[in-house]
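Trainee: how does the following fold in three dimensions:
(one chain, ligands or ions: 2)
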Amino acid sequence: METTQPTATGLKLVAAGQQLTVRVPGTSANLGPGYDSLGLALSIYDTLTVETLTTGELEFELSGEGADTLPRDASHLVVRALNTALERLGFRHSGLKITADNVNPHGRGLGSSASAVVAAVTAANALVPESARRDREWILQLTSEMEGHPDNVAPAIFGGLALSWQDSEQYSSTRAEVVPSVIPIVAVPDYELSTETARGLLPASIGHHAAAMNSGRAALLIHALTADPRFLLPGTEDYLHQSYRAEAMRPSAALIKALRSSGHAAVVSGAGPTVLALANGADEAGAIAEMITTFTADNTPDVAWRVMTLAVDVEGARVDLHRR
Ligand SMILES: Nc1ncnc2c1ncn2[C@@H]1O[C@H](COP(=O)(O)OP(=O)(O)OP(=O)(O)O)[C@@H](O)[C@H]1O
Ligand SMILES: N[C@@H](CCO)C(=O)O
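Mentor: Ligands and ions are numbered 1, 2, ... in the order given. Next up is the predicted model:
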């Protein structure tokens, strides 16, 4: 791949004429007690196609979620993340054509902003020469910095169930395998709640008792997801965030309460307001989907819900190179 000499900015130009597509899964973070640490990759995908140009221009084609609201210029989240990543790698571009096809709903708790930055940083890393490319740990570090927490970006990058942690400014993550009988079902309401707003509802500190209770449930949840799903209901109990945010998503909180009272492991997905239920097998998945439909029709008539029975994505972000 050809690159020019460093420019006045000290940054080299990536070669023009390249084209690639990145497919990134949506994610559900927290899973109850795993606040800011656990996340599951889901089979709902955004795709981002990037072509490098010589015109110096930015062309943007946007379809699906956000097509009516998002900017199509350098202020777009994907462009900002892509430029930052290229710069960190020592490069810049001389024009881009970006085509974004967004399926993951925005501001609903399915990690749309994390998917966007993972797609952008993964694309930037694939556009630079092989010798300058970094590994997925580097992508995790940069995208966690952008998001402020690693729980959505990690499963979006690696797929599966991501267990993430932070040492000072360093983010790390490891992947665990979810038993095949676990089926995620999401109920996505038609109202939004931004992560920023939801984080603002949390107390600055919590008591030692709540912290101890939460630790036990988080440990149990990993066992439930990776070995014995019979423990999904007690394993998804949380003491850190959901009760503080319930006022901002009352229909979702009511649905979660009803599902849990019937023995189903339901939680707020990410910062909400989507409801995530984890079924143990197809029969329970069917029963959950049916209960969501009936309960919401009877109890939340002003809210339209989209119910999706998904799978755990095990691939994570995938790059397809079309032209180099
Ligand atoms: N594909 C995208 N392209 C550009 N901007 C996006 C994209 N996806 C999300 N965003 C921006 O991020 C905002 C939503 O981010 P926010 O963190 O509030 O919710 P979320 O990521 O969908 O949910 P959560 O973080 O709770 O899982 C959108 O309103 C939009 O501004
Ligand atoms: N852990 C994050 C996930 C949403 O980005 C939160 O609950 O605020």
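
Trainee: which strand runs longest in the chain?
Mentor: Longest strand in the chain by number of residues (criterion: DSSP state E): strand 34-52.

Trainee: counting contacts, what elements does that strand pack onto?
Mentor: Contacts defined by 3 or more C-beta pairs under 8 Å, 6 or more residues apart in numbering; DSSP states H and E place strand 34-52 against strand 19-30, strand 96-102, helix 112-127, helix 153-158, strand 161-167, strand 182-189, helix 208-226. Bear in mind the C-beta positions are built from the backbone N, C-alpha and C, glycine included.

Trainee: whatever helix or strand comes next after it close to ligand 1?
Mentor: Using DSSP states H and E, the next helix or strand after strand 34-52 towards the C-terminus is strand 58-64. No - judged by C-beta under 6 Å from any ligand atom, strand 58-64 makes no contact with ligand 1; its nearest approach is 8.0 Å.

Trainee: what comes up buried for the very next helix or strand once past strand 58-64?
Mentor: Next helix or strand after strand 58-64 toward the C-terminus (DSSP H and E): helix 77-88. Buried residues in helix 77-88, counted by 16 or more other C-beta atoms under 10 Å: Leu77, Val78, Val79, Ala81, Leu82, Asn83, Thr84, Ala85, Leu86.

Trainee: who touches stretch 229-246?
Mentor: Residues outside stretch 229-246 that contact it (C-beta atoms under 8 Å, 6 or more residues apart in numbering): 30-33, 35, 179, 181-182, 193, 198, 201-203, 206, 210-211, 213-214, 217, 220-225, 253, 256, 260, 263-268, 271-272, 278, 280.

Trainee: how many other residues sit next to Ser261?
Mentor: Using other C-beta atoms under 10 Å, Ser261 has 9 neighbouring residues.

Trainee: so which of the contacts of stretch 229-246 reach ligand 2?
Mentor: Answer for those near ligand 2 (C-beta under 6 Å from any ligand atom): Asn30, Tyr35, Ala198, Ala271.

Trainee: with pLDDT added, can I get those residues in TSV?
Mentor: Formatted as TSV, those follow (pLDDT from 0 to 100):
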residue	pLDDT
Asn30	98
Tyr35	98
Ala198	97
Ala271	97
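
Trainee: out of those residues, who's nearest Asn104?
Mentor: Of all these, the one with the least separation from Asn104 (C-beta to C-beta) is Ala271, at 14.2 Å.

Trainee: can you tell me the element the nearest residue to the closest one once chain neighbours are set aside falls in?
Mentor: Closest residue in space to Ala271, ignoring its immediate chain neighbours: Ala198 at 3.7 Å, by C-beta to C-beta, 6 or more residues apart in numbering. Element membership for Ala198, per DSSP H and E: helix 195-200.

Trainee: any residue of that helix touching ligand 1?
Mentor: Yes - judged by C-beta under 6 Å from any ligand atom, helix 195-200 comes into contact with ligand 1 at Thr195.

Trainee: what residues sit buried inside that helix?
Mentor: For helix 195-200, the neighbour count (16+ other C-beta under 10 Å) marks Thr195, Ala198 as buried.

Trainee: which ChimeraX command selects the buried ones in the contacts of stretch 229-246?
Mentor: Selection of buried members from the contacts of stretch 229-246 for ChimeraX, criterion 16+ other C-beta under 10 Å:
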select :30,31,32,33,35,182,193,198,213,214,217,220,221,222,224,225,253,256,260,264,265,266,267,268,271,272,278,280
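
Trainee: near ligand 1, list only the ones from the buried residues of helix 77-88.
Mentor: Counting by C-beta under 6 Å from any ligand atom, Leu77, Val78 from the buried residues of helix 77-88 sit close to ligand 1.

Trainee: could you dump the buried residues of helix 77-88 into TSV and include distance to ligand 2?
Mentor: TSV is the format used below for the buried residues of helix 77-88 (distance: C-beta to the nearest ligand atom, whole Å):
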residue	distance to ligand 2
Leu77	14
Val78	17
Val79	21
Ala81	16
Leu82	21
Asn83	23
Thr84	19
Ala85	20
Leu86	25
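
Trainee: which bits of the stretch 51-200 of the chain sit near ligand 1?
Mentor: Residues of the stretch 51-200 of the chain lying near ligand 1 (C-beta under 6 Å from any ligand atom): 66, 70, 76-78, 102, 106-114, 116, 152, 194-195.
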